[in-house]
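Student: Please find the sequence and the predicted model below.
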Amino acid sequence: MADIIACFKWVIDEAYLKSDSSGKLDFNWVDYKLSDYDKNAIEEAVRLAEQKGGKVTAVTVGTPEDTKGVKDALARGASEAVFINDSSFVNLEPSQTAALLADVIGRLKFDLIICGEGSSDLYAQQVGPRLAERLEIPCISYVTRISLEDDFIKAERKMENGIEVVIAPLPALITVSPQINTPRIPGLKDTLAASKKPVTEVTADELTVSNEPLLKTVSINKAAMQRNCSYFNNDEDGIVQLVNALQKQGAIT
């Protein structure tokens, strides 16, 4: 039996993003979704619980309006959810999110915490490791395969030059890469069942940590992409011209 916590984030669906003439993003008509990487985290947590027995608790930090994200996580197989919410929890930076999660998760019973390797919006890749540090438990990042035993976890990490195998005692935290699984798509039955699962709400008044940001986001702009197409003949002169052009642009020396 294993008590597994899966952390997730309710993020803006980038498919709805538009920009104005100055390059600034327009958030007025956006829709939201469960962060793609966190779908892998929830899926892996549910699979482990199905194999070993136990339960999955989905935990998130957000605003009171993010209830659709909680329901989505429950529809994906989580047994219950903890919803840490306050109207001030907007545009949190990673250290804030990790502190809020640690404050609440530290009160829960768990064997393993699973996070996505990053979020679909910021992709800072910091919340998981920061959370593990605050809870003073081992952290294994970018995991592509897991073997969960009674008192330890064996994880594979895909590295640049091969596969690294890491063993850590439980409780522990891992961040998983998208290669670890293919998340299930909730059906109508799953969505209806999610409404009956328990959700514990935690408000800012119940927390013991400060929500003061260390960083401030000034603006978010669309990435500019410019292409400069040049054509060269497929002969010796064309190759010389290509090399000269690349040297002039500083692409090669």
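Tutor: Yep, it's here. Residues are numbered from 1 along each chain as shown.
Student: low pLDDT regions in the stretch 151-253 of the chain?
Tutor: 211, 213-214, 222-225 (pLDDT under 70).
Student: swap the cut-off to 90 and go again
Tutor: Within the stretch 151-253 of the chain, the segments meeting pLDDT under 90 span 158-162, 209-253.
Student: now do the stretch 1-150 of the chain
Tutor: 1-2, 12-32, 52, 90-91, 120-122, 149-150.
Student: quick one: the strands in it?
Tutor: Counting by DSSP state E, counting those that start in this stretch, the segments of the stretch 1-150 of the chain that form strands are 2-8, 10-12, 18-19, 25-26, 32-34, 54-62, 80-85, 112-116, 139-148.
Student: and among the ones you listed, the most buried is which?
Tutor: strand 112-116 (a mean of 28; mean count of other C-beta atoms under 10 Å). All C-beta atoms are positioned from the backbone trio N, CA, C, and that covers glycine.
Student: neighbouring contacts of that one?
Tutor: With C-beta atoms under 8 Å, 6 or more residues apart in numbering as the test, strand 112-116 has contacts from 2-9, 35-42, 44-45, 48, 105, 127-128, 131-132, 135, 137, 148, 153, 170-176.
Student: Same question for stretch 117-134.
Tutor: 7, 9, 11-12, 14, 33, 35-38, 93-95, 97-99, 101-102, 105-106, 113, 115-116, 138-139, 141-142, 172-178.
Student: Count residues in the vicinity of residue 178, would you?
Tutor: 14 (other C-beta atoms under 10 Å).
Student: returning to that earlier point: which ones among the contacts of strand 112-116 map onto helices?
Tutor: Counting by DSSP state H, those place 36-42, 44-45, 48, 105, 127-128, 131-132, 135 in helices.
Student: between those, which is nearest residue 75?
Tutor: residue 42 (9.8 Å; C-beta to C-beta).
Student: mind listing what the closest one touches?
Tutor: So residue 42 contacts 6, 8, 34, 56, 58, 73, 76-78, 114, 183 (C-beta under 8 Å, 6+ apart).
Student: CSV please, covering those and showing distance to residue 227.
Tutor: Shown next, in CSV, are these (distance: C-beta to C-beta, whole Å):
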residue, distance to residue 227
6, 41
8, 37
34, 34
56, 46
58, 42
73, 40
76, 40
77, 44
78, 44
114, 40
183, 34
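Student: Among these, which one lies nearest to residue 19?
Tutor: Using C-beta to C-beta, those come closest to residue 19 at residue 34, 24.0 Å.
Student: List the residues that contact the spatially closest residue to the closest one that is not a sequence neighbour.
Tutor: The shortest distance from residue 34 to any non-neighbouring residue, by C-beta to C-beta, 6 or more residues apart in numbering, is to residue 72 (4.9 Å). Each residue near residue 72 by C-beta under 8 Å, 6+ apart is listed here: 33-34, 186, 194.
Student: what would these look like in TSV with distance to residue 218?
Tutor: Shown next, in TSV, are these (distance: C-beta to C-beta, whole Å):
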residue	distance to residue 218
33	25
34	27
186	37
194	38
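Student: any idea which of the residues you listed is the one closest to residue 235?
Tutor: Using C-beta to C-beta, those come closest to residue 235 at residue 33, 50.8 Å.
Student: Was I right to think that closest one contacts residue 8?
Tutor: No. Using C-beta atoms under 8 Å, residue 33 is not in contact with residue 8, being 10.8 Å away.
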